[in-house]
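> got a sequence here, can you build the structure:
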Amino acid sequence: MKQEKSMNDIFGNLNISSMGEGHLACVLLLDVSSSMRKDNGIINLNNAIKKFKEEICQDSIAKRKIDIAIVTFASKVEVVSDFCSITQMPIINLEAHGFTDMAAGIQTSIDLLKQRISFYHKLGTPCYRPWIFMITDGVATSTEIEMEACARRIKEEEQKGSSGHLMFWALGVNEYDPKQMQKLTPRVLELRDMDFSTIFDWLSKSMIFISKSRVNEKTRLDDVPENARVADINRKIDEGWT
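Numbers count the residues shown, from 1 in each chain. Predicted structure coming up:
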């Protein structure tokens, strides 16, 4: 007697809940180069990501609809956690070391995101516009040609449509280069300090809010927290707030 194949047989480990509901995919793209040790940056980042998961999982709707992947970049790129429901996201303990191959991290994250969107389409699962949220504290050690290729690819993916296509954010801290970031995206934020808890609070609230809207509905996000601001290429982060 021929056995019917289950969804897991067809698609592997689904790592998805509520397939009929809209899903929001987000890659957390994190700089773990050695400079992230400064001012307990990597420790604060680990703690903020843990709290980020806890806050979303407290919301009965959002925890069914938000899928997270974690990618790190330093001298090499690592997919720390492939896409899964926020409830299945592992508790991470990142360590800081090496250089800042940002371009490789960006390309890996876009590839991962496109695979996830394709996966949604195969399941017939609606999807909100997906995010990549990158955090960096320094200048990329990738070549200029590699960074230019990333900028072109981000722009191409963002222009494909309002649903199922990329929204790229960059958060800069310490000695990051605002001009380099704004070549990648107009969505550049910067922090006054290395307290990541506030920006991850903002991120969790933003995702919860989006998850309760309709797919393709335009939403307005809350203002960023007090220790963050929209970056200005004409000022440097070490000048302090104006």
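
> surely residue 225 touches residue 203?
No - counting by C-beta atoms under 8 Å, residue 225 does not reach residue 203; the two are 10.2 Å apart. (Each C-beta comes from the backbone N, C-alpha and C, glycine too.)

> between the two, which one's more packed in?
Neighbour count, other C-beta atoms under 10 Å: between residue 225 and residue 203, residue 203 has more, with 24 against 17.

> isn't that one right up against residue 133?
Yes - between residue 203 and residue 133 there is a contact under C-beta under 8 Å: 6.4 Å.

> what residues are up against residue 199?
Going by C-beta atoms under 8 Å, 6 or more residues apart in numbering, residue 199 touches 48, 171, 189, 191, 224, 225, 227, 228.

> recalculate using a threshold of 10 Å.
48, 52, 133, 135, 171, 173, 189-191, 224-225, 227-228 (C-beta atoms under 10 Å, 6 or more residues apart in numbering).

> how about those, which pair is most distant?
Across these, the longest distance by C-beta to C-beta is 18.9 Å; it joins 52 and 190.

> mind checking which helix or strand residue 160 is in?
Residue 160 is part of no helix or strand when elements are defined by DSSP states H and E.

> spatially nearest residue to it (excluding sequence neighbours)?
residue 166 (7.8 Å; C-beta to C-beta, 6 or more residues apart in numbering).

> please tell me how far the nearest residue to residue 231 once chain neighbours are set aside sits from residue 229.
With sequence-adjacent residues excluded and distances taken as C-beta to C-beta, 6+ apart, residue 231 is closest to residue 188, at 4.0 Å. With distances taken as C-beta to C-beta, to the nearest Å, residue 188 is found 10 Å from residue 229.

> list residues touching both of residue 203 and residue 133?
In contact with both residue 203 and residue 133: 26, 28, 169, 171, using C-beta under 10 Å, 6+ apart.

> closest to residue 71 among these?
residue 28 (7.2 Å).

> that's a strand at that closest one, yeah?
Yes - assessed by DSSP: H, G, I helix; E, B strand; the rest coil, residue 28 belongs to a strand.

> what residues are bridge-paired with it?
residue 70, residue 133 (DSSP bridges).

> burial check on it, number of neighbours?
24.

> and for residue 158?
Neighbours of residue 158 (other C-beta under 10 Å): 16.

> who's in contact with the nearest residue to it once chain neighbours are set aside?
Leaving aside its chain neighbours, residue 158 sits nearest to residue 166 (5.1 Å; criterion: C-beta to C-beta, 6+ apart). Neighbour list for residue 166: 27, 109-110, 113-114, 117, 129-132, 153-160, 185 [criterion: C-beta under 10 Å, 6+ apart].

> ok, residue 62 next?
24, 55, 56, 86, 204, 205, 207, 208, 209, 210, 211, 212.

> surely the fourth one is in contact with residue 65?
I take that to be residue 86. Yes - using C-beta atoms under 10 Å, residue 86 is in contact with residue 65, at 8.7 Å.

> residues touching the one helix or strand residue 190 maps to, excluding its own?
Here residue 190 sits within strand 188-191, counting by DSSP H and E. For strand 188-191, contacts defined as C-beta under 10 Å, 6+ apart pick out 41, 133-135, 137, 168-174, 176, 178-182, 198-199, 202, 224-225, 227-233, 235-237.
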